[in-house]
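S.K.: curious how this folds, go ahead:
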Amino acid sequence: MRHNLLYVFDNLEFGGGERGFVQIINSLNRTKYKIMVACLPTEVFVEKVKGDEVQINSVDMRNRFNPMVILRLVNLMKRENVDIVHSQGARADFFARMAAKLAGVPIVISTVQMPVEGFNVSTIKRLIYTVLNRFSERFVDRFIVTSTALEKTLIEKHSIQSQRIVKIYNGVEVDEYSMTDEERMCRRLCFRKELGLEGKIPIVGVIGRLVWQKGFEYFIEAIPEVLNKITNVRFLVVGEGVLKNELAARCKRLNLSEEIIFTGFRDDVKDILSSIDIFVMPSLLEGLPMVLLEAMSMAKPIAATDIEGIQEMLENGITGLLVPPRDPKSLSEAIAGLLNHRDKAFLIGATARKVVEARFRVDVMVQKVEEVYGELLRQNCYQVHD
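M.R.: Have a look, this model is predicted:
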């Protein structure tokens, strides 16, 4: 006896949101749920999904205004007699909600990692996105948010009743980030050798999509001041995105081409985190960033911006150093402070690891998502399918 469960997301980039869906898909009881996915089936996503029984349907949602996507989803939902639709991302949310309404799907859930007002698009596009999103929100039974800040945004700016919102923190596979000193050193040396860096030189790194929300330009602008205090340091920018050329040009203007390495997209985050000494998150806008949980799980000393979302994860001076956003000088002081005071940096990293173990485990996250499914299924008194 299984419920038919369809996940819908655009999967244009494999970020924290996509990672969260993979975690849920791989952890759910397959005897209880028939799991289907509608997305752009990128190689990264397909490789990470475990089990041949997961039905992956190729649906291209890059064009938000393509009604054929809705029709395709409607046909899929009717053919598979879908019980629950769970979507994420602005395009996927709109398509999934409209299709579920037309197909008569009894339960619709949306996970919100970033509200539409935070998108880096033109004013006209943002207005259109907002109108379409607000219209389709009425068809959602539960919104899952990853932080108190997002919960507040939906209540105050989207006028969504609090009882329709459930806060579930992102989770990380904490045990997978526990390594012996030998394993950690092996990963560190191999990664550094690949980059042509010696084993002892300090490395400070950022990881994420190269988009405005991540604030990587302020990280780059902080580097000259760090180098004024500590000369023998290298810096990593890990990720791909629309701002890659602009960030590279900024490095060139600041004469930092020798000190900064752009690695492009990497999926070996454990090797990266094993190799760096300080993890930096200079973001301007976040939900509850997965990569920050990974850095905490690896007990990395962290310098980050003091913004909503990150504030729920880090306590200034205890589990990280928090600085104002868009403030390269304060960020440089935090980075240099962690590099110069290794005992303090070690304690901050170790304490951050304990916080992840207590609050941000992936098994807890999956359990709470399943509880949402169970509650809505009971409320609907819905008949299961063989």
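S.K.: so what pLDDT did the residue nearest to L284 when sequence neighbours are not counted get?
M.R.: Excluding its sequence neighbours, the residue lying closest to L284 (Cβ to Cβ, 6 or more residues apart in numbering) is G215, at 4.6 Å. C-beta: built from backbone N, CA, C; applies to glycine. Predicted confidence (pLDDT) for G215: 97.
S.K.: quick one: G215 from E221, how far?
M.R.: As judged by Cβ to Cβ, to the nearest Å, G215 and E221 stand 10 Å apart.
S.K.: which one's more surrounded, the two?
M.R.: Neighbours were counted for G215 and for E221 using other Cβ atoms under 10 Å; G215 has more, 26 against 19.
S.K.: what residues are up against that one?
M.R.: Counting by Cβ atoms under 8 Å, 6 or more residues apart in numbering, G215 makes contact with P282, S283, L284, T305, P325, R326.
S.K.: isn't the first one up against I307?
M.R.: Read that as P282. No: using Cβ atoms under 8 Å, P282 is not in contact with I307; the gap is 9.9 Å.
S.K.: between these two, what contacts are shared?
M.R.: P325.
S.K.: these two: which is more packed in?
M.R.: It is P282, of P282 and I307, that has more neighbours when counted by other Cβ under 10 Å, with 25 against 18.
S.K.: report pLDDT for the more buried one.
M.R.: Looking at P282, its pLDDT stands at 98.
S.K.: state the distance from the closest residue to it other than its chain neighbours to I160.
M.R.: Of all residues not flanking P282 in the chain, G215 sits nearest, at 4.0 Å (Cβ to Cβ, 6+ apart). According to Cβ to Cβ, G215 and I160 sit 28 Å apart.
S.K.: now N11
M.R.: Applying Cβ to Cβ, the value for N11 to I160 is 25 Å.
S.K.: look at the two and report which has more neighbours.
M.R.: Between N11 and I160, N11 has the larger neighbour count (other Cβ under 10 Å), namely 25 against 20.
S.K.: from V291, how far out is the residue nearest to P282?
M.R.: 14 Å.
S.K.: if we can go back for a sec, next one: the residue nearest to L284 relative to G320, how far apart?
M.R.: As judged by Cβ to Cβ, G215 and G320 stand 15 Å apart.
S.K.: mind listing what L321 touches?
M.R.: Contact analysis of L321 by Cβ under 8 Å, 6+ apart lists I302, A303, A304, A334, G337, L338, I348.
S.K.: okay, now the fourth one: neighbour count?
M.R.: The local packing count at A334 equals 25, with neighbours defined by other Cβ under 10 Å.
S.K.: which residues of the stretch 51-200 of the chain score low on pLDDT?
M.R.: Scanning the stretch 51-200 of the chain with the threshold set as pLDDT under 70 gives 64, 117-122.
S.K.: now the helices for the chain?
M.R.: With DSSP state H as the criterion, the chain has helices at 16-27, 43-48, 67-79, 90-103, 123-137, 148-156, 181-195, 216-229, 244-253, 269-275, 290-297, 328-340, 342-359, 362-380.
S.K.: just the buried positions in the last one, please.
M.R.: By neighbour count with 16 or more other Cβ atoms under 10 Å, helix 362-380 contains the buried residues V362, M365, V366, V369, E370, V372, Y373, L376, L377.
S.K.: domain parsing for this protein?
M.R.: Under the assignment automatic domain parsing, the domains of the chain span 3-171+362-380, 175-359.
S.K.: pLDDT on stretch 246-258, on average?
M.R.: When pLDDT is averaged over stretch 246-258, the result is 95.
S.K.: export only the CA atoms of it, formatted as PDB.
M.R.: The C-alpha trace of stretch 246-258 is given here as PDB (Å, rounded to 0.1, in the frame of the first residue of the first chain):
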ATOM      1  CA  GLU A 246      32.500  40.100 -13.300                       C
ATOM      2  CA  LEU A 247      34.100  38.700 -10.200                       C
ATOM      3  CA  ALA A 248      37.200  37.600 -12.100                       C
ATOM      4  CA  ALA A 249      37.500  41.200 -13.500                       C
ATOM      5  CA  ARG A 250      37.200  42.600 -10.000                       C
ATOM      6  CA  CYS A 251      40.100  40.400  -8.900                       C
ATOM      7  CA  LYS A 252      42.200  41.600 -11.800                       C
ATOM      8  CA  ARG A 253      41.500  45.300 -11.000                       C
ATOM      9  CA  LEU A 254      42.700  44.600  -7.400                       C
ATOM     10  CA  ASN A 255      45.800  42.800  -8.600                       C
ATOM     11  CA  LEU A 256      44.700  39.600  -6.900                       C
ATOM     12  CA  SER A 257      45.000  37.100  -9.800                       C
ATOM     13  CA  GLU A 258      47.800  35.200  -8.100                       C
END
